[in-house]
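> below is the sequence, then the predicted model.
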Amino acid sequence: MFKRFRRLRLNEKLRELVTETVITKNDFIYPLFVRSGEGIKNEISSMPGVYQMSIDEILKECEELKSLGLYSIILFGIPDVKDSIGSDALSEEGIIARTLRAIKEAHPDMFVVTDLCFCEYTDHGHCGILDMKHKTVNNDATLEILGKQAVIHAKAGSDMIAPSGMMDGMIEAIREALDDEGFENLPIMSYSTKFASAYYGPFRDVAESAPSFGDRRSYQMNPANRREAILESLEDEFEGADILMVKPALAYLDIIRDIRENTKLPLAVYNVSGEYSMLQAAKRAKVIDYERVMMETMIGFKRAGADIIISYHAKEVAKLLDKC
Ligand code: PBG
Ligand code: ZN
């Protein structure tokens, strides 16, 4: 009698040779939160290891990131003054523009992505200009100022624009605004499939960007809808996005795979604040092997189809990779 069951005959060396998914430092973009002032480095209580920093501290942080082999960051700004249209984001003296110029001067070898949205800059905390009558975001008025914000970032030295507001037509509008100003070669990474998620909670503490009324469900996606999630990303590809994104990551691994299989563009995932905070809380409670769970999570993102991982864990991962 022949036994017909199959198994792979892998010894230890062979197991290494056939490993399908590997994590490297080049997979990561590390988020940084900047505010004005000097010598400011405020830790966020729900996100141990994550800080609001002034520009001088951001420059030191870049030095440390480079020493760990991390060269890519995404910037979020916390303005001194918020108003109804997010003026700080539209000024060359705004927090992001100033930070970009400082980083580019001190660290020209950093790859600096800039998050493009208005929720951090408006006093009502929504992602664009409000339509007062309906108390919702006015999509088309917002497209116009998104274009302006993108050009401000471009002129200040951004290496990639990452619009995160999920407005309809935003990629086309931003692409056109950039091209008109001579930035035809500046890439756009779209938050193309962004769900209305409770996992953004801690971020809104750091960025001080919780909406003062209502929620973002009119422009962010319903977590229940898979086909719509794919369509949204494909729409941004059609409008000219260079990189697509799924956000959050952990509860949406199927969507990452779905989009991976429906596009040839590179795909990023955003391992968001709430996902980071959960692991940190479990670590503090000593209920998991934190480092192993973290690496397993990162492998999961890549195995699902991610090329880029935006993660607050990036520094810890880099340190761990240096150890082994
Ligand atoms: C801004 C933006 C948000 C995040 C990234 N860009 C917040 C939001 O949509 O409310 C969330 C990131 C995180 O939770 O880590 N539009
Ligand atoms: Zn927003």
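Structure received. Numbering: from 1, shown residues only. Ligands and ions are numbered 1, 2, ... in the order given.

> list the buried ones in stretch 274-282?
For stretch 274-282, a neighbour-count test (16 or more other Cβ atoms under 10 Å) marks 274-277, 279-280 as buried. For the C-beta atoms, the positions are set from N, CA and C on the backbone; glycine is no exception.

> stretch 279-292 now?
Applying 16+ other Cβ under 10 Å to stretch 279-292 flags 279-280, 283, 290-291 as buried.

> which of those fall in helices?
Among these, the members falling in helices are 279-280, 283, 290-291 (criterion: DSSP state H).

> just put those residues in TSV and tack on distance to ligand 2.
Output for these, formatted as TSV (distance: Cβ to the ion, whole Å):
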residue	distance to ligand 2
279	24
280	24
283	29
290	30
291	32
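
> of those, which pair is most distant in space?
280 and 291 (12.3 Å; Cβ to Cβ).

> other residues contacting stretch 193-201?
Applying Cβ atoms under 8 Å, 6 or more residues apart in numbering, the contact partners of stretch 193-201 are 46, 164, 166, 215-217, 220-223, 229-230, 232-233, 244-248, 250-252, 255, 259, 272-275, 277.

> residues of the stretch 101-250 of the chain that sit close to ligand 1?
Counting by Cβ under 6 Å from any ligand atom, the residues of the stretch 101-250 of the chain close to ligand 1 are 115, 117, 119, 127, 164-165, 200, 203-204.

> can you rerun that using 5 Å?
117, 119, 164, 200, 203 (Cβ under 5 Å from any ligand atom).

> now, which of these lie within helices?
Using DSSP H, the subset of those located in helices is residue 203.

> among the residues of the stretch 101-250 of the chain next to ligand 1, the buried ones, what's the ChimeraX command?
ChimeraX command restricting those to the buried ones, with burial defined by 16+ other Cβ under 10 Å:
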select :117,119,164,200,203
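
> pick the one among the residues of the stretch 101-250 of the chain next to ligand 1 closest to residue 3.
Among those, residue 200 lies closest to residue 3 (Cβ to Cβ), at 52.4 Å.

> quick check: residue 27 touching residue 309?
Yes: using Cβ atoms under 8 Å, residue 27 is in contact with residue 309, at 5.2 Å.

> spit out the residues that contact the two alike.
Shared contacts of residue 27 and residue 309, counting by Cβ under 8 Å, 6+ apart, come down to 298, 302.

> contact partners of the strand or helix carrying residue 60?
Element membership for residue 60, per DSSP states H and E: helix 55-67. Helix 55-67 has contacts (Cβ under 8 Å, 6+ apart) with 30, 32, 34, 36, 38-41, 51, 53, 71, 73, 98-99, 102-103, 106-107, 109-110, 315.

> which ones among those map onto helices?
Among these, the members falling in helices are 98-99, 102-103, 106, 315 (criterion: DSSP H).

> just the helices in the stretch 201-324 of the chain please.
Remark: helices assigned in the stretch 201-324 of the chain by DSSP state H, counting those that start in this stretch are 201-206, 226-239, 253-260, 273-284, 290-304, 314-323.

> closest one to residue 8 among those?
helix 290-304 (17.4 Å).
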